[in-house]
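> Below: sequence and its predicted model.
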Amino acid sequence: MDLRIFPPEDLLQATVKLPLSKSVANRALVIAALTEGGIAPDRLPDCDDTRVFIEALSRCEGRVDCHGCGTALRFLTAFFAATEGADVVIDGNERLRQRPIAALVEALRDCGADIEYAETERFAPLRIRGRRLSGGEIDLDPQMSSQFASALLMVAPTMTSPLRLRLVGEIASEPYIRLTTAMMEAAGAIVDRENMVMVVDHGQEVPREGASITVEPGRYKPFRQEAEADWSAAAFWYEIEALTSGFLSLDTLSEDSKQPDSAAAGLFADLGVVTDFEGEEGFTDLCGSPDLSPRLRHDFSPTPDLVPAAVVTCVMLRIPFRFTGIATLRYKESDRIAALIEELARVGAVIESDADTMSWEGALQPVAELPVFDSHGDHRLAMSLAPVACYIPGIIVRDAEVVDKSYPSFWDDLAAAGFRVEPVETGEA
């Protein structure tokens, strides 16, 4: 499905009910499945990723299809490895078969897991025969994904002895590990962190060297995790606010959320968006401000999922930027670094990058045709490119259905906010 998008004809004024957080829900589902008498959340996100978890956690044998969900591949690999009697082959689409999993597999094997690579060494599909794991002292390099650590930590209370997880090297998306351990503790797990206190380095919070987390054996207690709105989805509405200076109200968004992408409020303050968490009718209100940073420097290592919205916003507002801490974006649903560079070239931006950096000096080259954006099979890329219509009416986003992975109602919400969203006839794009 390809969509053509036009901006609102009048000043943007809208109230948006955000989807529920899949980061919170998916962790809650795993913890509930590991708990005797576990209580699943009473409200769950209506998205493809969470449906993968619901389906997979209902079985302990046969083929488990994660489709394109990297979170499911990692969390479910640990779950089935720690579930006595499980006998599954866990797999996904072609892109998922290219995404990293070896560091987690080796760490689980060190805990006694029975996991084999079913086809290609170091990648899915995986054959897993579940058993009770042993714990011990494990070294893990979480540089490619914090989900390796989160997956191992969530199953640690079921082990026969304490798990001491030493995090070796740079920790990608460390706030997601904090989210995981906070939810574990709420469900009764005993977690001790060493050197996980954050220190300030060049204006950014980073964990100290030599960080480790110890989880005691035991059992989770039944606990119902409250659902909350998804800050990752909110980032695209912050982007829209930055590009329109309209008036947006976001329903059920929490200022006190432990979701890492709640950092969007501070990030977009530098891009002219003021956040009022005590807005009318209890909503979070966004409004425009003339106070924009003339040049934006930011380390995204704690929150790489905010990069697409930030990059597109800066390009459309002509704000030069230098973004670091983005290396993990190469291993998402697409190579997001390469994809952003390719797609924003369609509006004339020549963005430079290396392994861990993207930068742009603010110049735009002339373009001769209306942009037709490829979503690259990536939900966050499709949603970040849609607001370009605020500056270039009539852009096209191809394969727009990819948003079903995390935010199926995105296009409907965009239309309800006053955008014109039209299907593109075959051959028109």
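Nice, I can see it.
> quick one: contacts for Arg95?
Shown in contact with Arg95 (CB atoms under 8 Å, 6 or more residues apart in numbering): 68, 333-334, 377. Any C-beta I mention is one placed from the backbone N, CA and C, and that applies to glycine too.
> Apply 6 Å and report the result again.
Gly68 (CB atoms under 6 Å, 6 or more residues apart in numbering).
> Check what pLDDT the residue lying farthest from the centre of the chain gets.
Largest separation from the mean C-alpha position in the chain: Ala368, at 34.2 Å (CA atoms, centre = their mean). Ala368 carries a pLDDT value of 90.
> One more: the one 4 residues further on?
pLDDT recorded at Val372 is 97.
> now Leu385
At Leu385, pLDDT is 98.
> on that earlier part again, on the three-state scheme, the residue farthest from the centre of the chain is what?
Under DSSP: H, G, I helix; E, B strand; the rest coil, Ala368 falls in the coil class.
> repeat for Asp413
Secondary structure, three-state DSSP: Asp413 is helix.
> Report the contact partners of it.
Val16.
> Gln365 too?
Counted by CB under 6 Å, 6+ apart, Gln365 has contacts Gly348.
> Could you rerun that using 8 Å?
Counting by CB under 8 Å, 6+ apart, Gln365 has contacts 348-350.
> returning to that earlier point: distance of the residue farthest from the centre of the chain relative to Glu343?
Distance of Ala368 to Glu343, computed by CB to CB, to the nearest Å: 16 Å.
> again, but for Asp141
For Asp141 relative to Glu343 (CB to CB), the value is 31 Å.
> And those two? Which one has more around it.
Glu343 (24 against 17; other CB atoms under 10 Å).
> What is the burial count for the nearest residue to that one once chain neighbours are set aside?
Spatial nearest neighbour of Glu343, excluding adjacent residues (CB to CB, 6 or more residues apart in numbering): Phe373 at 5.1 Å. Counted with other CB under 10 Å, the neighbours of Phe373 add up to 26.
> helix/strand/coil for Phe373?
strand.
> Okay, and the beta partners of it?
Beta bridges link Phe373 to Val397 when assigned by DSSP bridges.
> what sits against it?
Phe373 neighbours (CB under 8 Å, 6+ apart): 343, 346, 382, 385, 388, 395-398.
> now Pro320
Pro320 neighbours (CB under 8 Å, 6+ apart): 294-296, 314, 359-362.
> Just the ones of those residues in strands?
296, 359-360 (DSSP state E).
> about what we covered before: for the contacts of Pro320, which single residue is the most surrounded?
Result: Cys314 is most packed of those (other CB under 10 Å), 27 neighbours.
> Chain neighbours aside, what residue packs nearest to that one?
Phe321 is the one closest to Cys314 (CB to CB, 6+ apart), at 4.6 Å.
> pLDDT value on that neighbour, please?
98.
> Surely Asp299 and Ile326 touch.
No - contact criterion CB atoms under 8 Å: Asp299 and Ile326 do not qualify, at 9.1 Å.
> These two: which is more packed in?
Neighbour totals were compared for Asp299 and Ile326, and Ile326 leads with 23 against 18 (other CB under 10 Å).
> can you tell me how far the more buried one sits from Ala102?
22 Å.
> Stretch 237-250 spans what distance, first to last residue?
8 Å (CA to CA, to the nearest Å).
> quick one: average pLDDT of that stretch?
Mean predicted lDDT for stretch 237-250 stands at 97.
> quick check, distance from that stretch to the centre of its chain.
21 Å (CA atoms, centre = their mean, to the nearest Å).
> Phi, psi for Val312 please.
Main-chain torsions, Val312, degrees, to the nearest 10: phi -60, psi -40.
> Now do the contacts for it.
Neighbours of Val312 in contact, by CB under 8 Å, 6+ apart: 239, 340, 344, 384-385, 387-388.
> Which ones among those lie within helices?
239, 340, 344, 384-385 (DSSP state H).
> Highest neighbour count among these?
Leu385 (31 neighbours).
> nearest residue to that residue other than its sequence neighbours?
Here the residue nearest Leu385, using CB to CB, 6+ apart, is Phe373, at 4.5 Å.
> Just give me the neighbour total for Asp374.
18.
> That one: what's it in contact with?
339, 342-343, 398-399.
> how about a cut-off of 7 Å?
The contact partners of Asp374, by CB atoms under 7 Å, 6 or more residues apart in numbering, come to 343, 398.
> Pull up the gap between it and Asp399, please.
7 Å.
> per-residue confidence at the closest residue to Arg398 other than its chain neighbours?
Spatial nearest neighbour of Arg398, excluding adjacent residues (CB to CB, 6+ apart): Asp2 at 4.8 Å. We have a pLDDT of 97 for Asp2.
> Asp2 reaches Ile396, doesn't it?
Yes - taking CB atoms under 7 Å as the definition, Asp2 is a contact partner of Ile396 at 5.8 Å.
> Nearest spatial neighbour of the residue sitting nearest the centre point of the chain, chain-adjacent residues omitted?
Centrality entry for the chain: nearest residue to the mean C-alpha point is Asp305, 5.1 Å, by CA atoms, centre = their mean. Leaving aside its chain neighbours, Asp305 sits nearest to Ser232 (5.4 Å; criterion: CB to CB, 6+ apart).
> go on, Ala189?
Pro157 is the one closest to Ala189 (CB to CB, 6+ apart), at 4.8 Å.
> quick one, what contacts the closest residue to Asp404 other than its chain neighbours?
Nearest non-adjacent residue to Asp404, counting by CB to CB, 6+ apart: Asp48, 5.0 Å away. By CB under 7 Å, 6+ apart, the residues touching Asp48 are 67, 404-405.
> How is the protein divided into domains?
Annotated domains of the chain cover 3-19+228-423, 22-215 [automatic domain parsing].
> any chance of these in CSV, plus distance to Pro222?
Below are those laid out as CSV (distance: least, CB to CB, whole Å):
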stretch, distance to Pro222
domain 3-19+228-423, 20
domain 22-215, 5
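> Beta-bridge partners for Arg164, please?
Counting by DSSP bridges, the residues bridging with Arg164 are Glu137, Thr214.
> Before we move on, what's the pLDDT of it?
Looking at Arg164, its pLDDT reads 96.
> ok, now how distant is it from Ser145?
Arg164 sits 20 Å away from Ser145 when distances are taken as CB to CB.
> which one of these two has more residues nearby?
Ser145 (24 against 17).
> what helix or strand does that one sit in?
Ser145 is part of no helix or strand when elements are defined by DSSP states H and E.
> in this protein, which segments are predicted with low confidence?
196-209, 426-429 (pLDDT under 70).
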